[in-house]
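> model the following, please.
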Amino acid sequence: MDRKLRVAAYAYEHTEALLDGRVPIDGADATFETASLVSDIFQRTVERRYDVAEYGLTYFLRTFDLEDSPFLALPIFPNRNFRHSSVFVNTAAGIQKPQDLAGKTIGEFAMFGHDAGVWIKGILSDEYGLTPDRSRWVIGGTDHPVPAFDWVPQPVPNGVDVRHAAEGETLGAMLESGAIDALISVDVPQALLDGSTRIARLFPDYETVERDYYRRTGIFPAMHIIAVPRELATRTDLMTSIYRAFREAKEIAQQKYRHGALKQHMGVVTPWFSSHFEENRALLGEDWWPYGLGANRKVVDTFLRYHHEQGLSKRLLTSEDIIVPALLDT
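Residues are numbered from 1 along each chain as shown. As a prediction, the model looks like this:
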């Protein structure tokens, strides 16, 4: 009899074939759920409402400092993004280069060390010598107030000045007014999209910077994994089936773009998309969104190092500590 599974993931194009039933999980009677906010999936995962769920890497890793860490990860990375584009500055704050963030007050979306924040803070430290203790931090929502995420551990390392924005405050408005000097956020401040001249990106030509970063490092930063309870992780056949299903759904999405190149992507509304697609394909390869540990070990180990260096993990974890054993060879 097939094992009943409750599965949750955000509605990306590469999970669509799972959510709409085109790709089943062999050996499982799976029901799929999503949510309008991916953080809602994270909170419900903490509440153990799912058997298999997309989970932010930092949310997942923080559980390893609990007495009984409840989850392991499948080497599936449904959300990834380059993060130089996630740093915004007030144009009157005198910030021209990353080193100028020293001594400044920086807003951060959601919590100290959200997934995008861990990545860019690590990059700023590795490449520009800027460590988090050299700035002050204010946590909150970008364009909408966000309460403290009290359902996830909130470690703050000694020597780092962190506070939460006051009730009703938003980091986007604080950045535009100059109440904070810079912002690290997964969301672009609405004021910038509306044409405000008081907000700019730290890296104005961020695409060029991010492409250079990938050429030098081979890292396409991953934000999320797929988490499973440890008691389920022992089901080797089931773990393999789940992994294969997510991989097949992702391949359907990628293949759509490969086939679309034959007709110059006439089904896509973005002009010159084919040129952009070929440029990405030349840089990132035929499988530009890889799953499996083999293609992602450097990505995972780099995030684990950053997480530890930033005081968010008590010990330096390894890929072998966090990945379901049956999928370590993927």
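
> from here on, just use CA atoms for contacts and neighbour counts.
Noted.

> so where's the protein uncertain?
Low-confidence regions of the chain, defined by pLDDT under 70, span residues 1.

> break it into its domains for me.
As recorded under automatic domain parsing, the domains making up the chain are 3-80+222-327, 85-217.

> got the ones you listed as CSV, with mean neighbour count columns?
Supplementary listing: the domains of the chain in CSV, determined by neighbours: other C-alpha atoms under 10 Å:
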stretch, mean neighbour count
domain 3-80+222-327, 18
domain 85-217, 18
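
> show the end-to-end separation of stretch 142-154, please.
Taking C-alpha to C-alpha, to the nearest Å, stretch 142-154 runs 19 Å from one end to the other.

> centre of the chain versus it, how much separation?
On the basis of C-alpha atoms, centre = their mean, to the nearest Å, stretch 142-154 sits 16 Å off its chain's mean C-alpha point.

> run through who's touching that stretch.
Judged by C-alpha atoms under 8 Å, 6 or more residues apart in numbering, the contacts made with stretch 142-154 from elsewhere in the structure are 43, 46, 59, 62-63, 109-112, 140, 164, 167-173, 185, 187-190.

> in the protein, which spans are helices?
With DSSP state H as the definition, the chain shows helices at residue ranges 16-19, 38-46, 57-62, 115-128, 171-177, 190-193, 206-217, 230-233, 236-260, 273-284, 297-309, 319-322.

> alpha carbons only: can I get the third one in PDB?
Spelled out, it's helix 57-62. What follows is helix 57-62 as a C-alpha-only set of coordinates in PDB (Å, rounded to 0.1, in the frame of the first residue of the first chain):
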ATOM      1  CA  LEU A  57      18.200  26.800   4.600                       C
ATOM      2  CA  THR A  58      18.800  29.000   7.700                       C
ATOM      3  CA  TYR A  59      15.500  27.900   9.200                       C
ATOM      4  CA  PHE A  60      16.500  24.300   8.700                       C
ATOM      5  CA  LEU A  61      20.000  24.700  10.000                       C
ATOM      6  CA  ARG A  62      18.900  26.400  13.200                       C
END
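
> now for that helix, which elements pack on it?
When contacts are defined as 3 or more C-alpha pairs under 8 Å, 6 or more residues apart in numbering; DSSP states H and E, helix 57-62 sits against strand 224-229.

> which neighbours in the sheet does the strand it packs on have, and how are they oriented?
With DSSP bridges as the test, strand 224-229 is paired with strand 52-56 (antiparallel), strand 71-74 (antiparallel).
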